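# Got a predicted model here, sequence first, then my questions.
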Amino acid sequence: MYIPEVLFIFTFYICSCYGGEEEKRLILHSGDDIAQEFQKLRQELQSLQMNHTREIQLLMTNYTQEVESLKKNYTQTIESLKRNHTQEIQALMSTQTAEIDSVKATQKREIQALNDTQSQKIKSLKNELTTLKQDQGSTYIRWGKTTCGGNGTHIVYTGFTSGSPYDKEGGAAKYICLPKNPTRAKYVDGIQNIGGYMTGTEFDIYLNIFNPFPRNMQDQDAPCVLCRSPKPTTVMVPGRTNCYPG
């Protein structure tokens with residue numbers, strides 16, 4: 001710090017009283033005294049400057065230390081918050097993951113139980129449908145046959161083609177298939193001349209001119225078979241050996 005040199009002149013007014021009159025005198029310092037005073041002031045200023053510089057340096061040091069301490073504390077606080085925040089996030093994520101896994105497991109069990117229930121219902125419905133299919137169907141008689149001929153059909157019973165004699169009245173209106181082992185409601189041994197007549201039927205080839213069978217069927221009993229089909233309807237189409245399409 002530069003201090004300009006200034007010449008200070010110190011004046012003192014000394015008052016004295018002699019005989020009631022005040023006498024004033026101006027005392028001037030000499031050049032050496034002024035130089036000494038100036039040197040003294042310069043030393044004091046330099047001392048003040050040095051003290052001020054040391055104080056500033058001390059303040060700067062303290063400030064720097066405080067700033068570093070604050071930075072350190074701030075960094076530690078941030079790291080602590082980060083760790084705590086990370087731990088909280090990890091704990092939250094673990095909790096959420098556990099909850100999601102629990103919900104998934106519950107949903108999986110519920111879906112499996114629902115699938116099992118549906119599978120059981122479907123199986124039950126299939127069984128009911130099979131039973132209904134078995135319970136439903138239709139029957140028909142194959143005249144002159146002892147088998148049903150396949151197509152999912154099966155035999156209910158076999159018997160003989162029967163009807164009323166051509167010369168008797170009061171019997172069957174059309175042919176019926178009598179079973180081979182009938183059961184009678186009432187039975188009296190012998191012939192009774194009451195009621196209608198029911199007789200068997202046999203093949204009669206006219207003069208052996210045309211025989212539609214692969215072997216001789218003259219005077220052979222005409223068989224019949226009652227067949228059951230799983231299909232709901234059946235129809236007999238005369239004059240054909242097979243069904244129409246559809």
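Structure's in. What do you need?

# And the strands in the chain?
Using DSSP state E, the strands of the chain run over 11-18, 21-28, 138-143, 154-163, 176-179, 199-200, 223-229.

# Keeping just the C-alphas, turn the longest one into CSV.
Pointing back at strand 154-163 there. Only the C-alpha atoms of strand 154-163 are listed here, as CSV (Å, rounded to 0.1, in the frame of the first residue of the first chain):
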residue,chain,number,x,y,z
HIS,A,154,-77.5,-102.1,-33.8
ILE,A,155,-80.0,-104.9,-33.5
VAL,A,156,-82.9,-104.6,-31.0
TYR,A,157,-84.3,-108.1,-31.8
THR,A,158,-84.7,-110.5,-34.7
GLY,A,159,-88.0,-112.2,-35.6
PHE,A,160,-90.3,-113.3,-38.3
THR,A,161,-92.4,-111.3,-40.8
SER,A,162,-96.0,-111.9,-39.7
GLY,A,163,-99.5,-110.7,-40.7
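
# buried residues in that strand?
Within strand 154-163, the residues scored as buried using 16 or more other CB atoms under 10 Å are Thr158, Gly159, Phe160, Thr161, Ser162, Gly163. Where you see a C-beta, it was placed from the backbone N, CA and C, and this is true even at glycine.

# will you turn these into a markdown table that also has pLDDT and distance to Lys180?
Shown next, in a markdown table, are the buried residues of strand 154-163 (pLDDT from 0 to 100; distance: CB to CB, whole Å):
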| residue | pLDDT | distance to Lys180 |
| --- | --- | --- |
| Thr158 | 93 | 7 |
| Gly159 | 93 | 5 |
| Phe160 | 93 | 7 |
| Thr161 | 91 | 12 |
| Ser162 | 89 | 11 |
| Gly163 | 86 | 17 |
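
# So which residue is smack in the middle of the chain?
Gln107 (7.3 Å; CA atoms, centre = their mean).

# Pull up the gap between that residue and Ile100, please.
10 Å (CB to CB, to the nearest Å).

# Below-threshold pLDDT in the chain: ranges please.
1-30, 132-135, 207-208, 246 (pLDDT under 70).

# ok, which stretches of it are helices?
Using DSSP state H, the helices of the chain run over residues 31-135.

# Just grab the bridge partners of Gly200 for me.
Ser162 (DSSP bridges).

# tell me the contacts of it?
Phe160, Thr161, Ser162, Leu178, Asp221, Ala222 (CB atoms under 8 Å, 6 or more residues apart in numbering).

# Surely the third one is in contact with Lys174?
To tie it back to what came earlier, the one meant is Ser162. No: Ser162 is beyond contact range of Lys174, at 10.5 Å (criterion: CB atoms under 8 Å).

# mind putting the buried residues of strand 154-163 in CSV, distance to Asp204 included?
CSV is the format used below for the buried residues of strand 154-163 (distance: CB to CB, whole Å):
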residue, distance to Asp204
Thr158, 22
Gly159, 20
Phe160, 15
Thr161, 13
Ser162, 16
Gly163, 14
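
# Go through those and say which is closest to Gly190.
Ser162 (20.6 Å; CB to CB).

# Distance-wise, check that closest one relative to Thr106.
Distance from Ser162 to Thr106, by CB to CB: 71 Å.

# now do Asp189
80 Å.

# again, but for Tyr175
Distance from Tyr175 to Thr106, by CB to CB: 70 Å.

# Enumerate every residue touching Thr146.
Contacts of Thr146 by CB under 8 Å, 6+ apart are Thr158, Pro223, Val225.

# which residues does the first one form a beta bridge with?
Beta-bridge partners recorded for Thr158 (DSSP bridges): Val225.

# my read: it touches Pro223, true?
Yes: Thr158 lies in contact with Pro223 (CB under 8 Å); the separation is 6.6 Å.

# give me every residue that touches Ile141.
Here Ile141 is in contact with Cys177, Cys224, Val225, Leu226, Cys227 (CB under 8 Å, 6+ apart).
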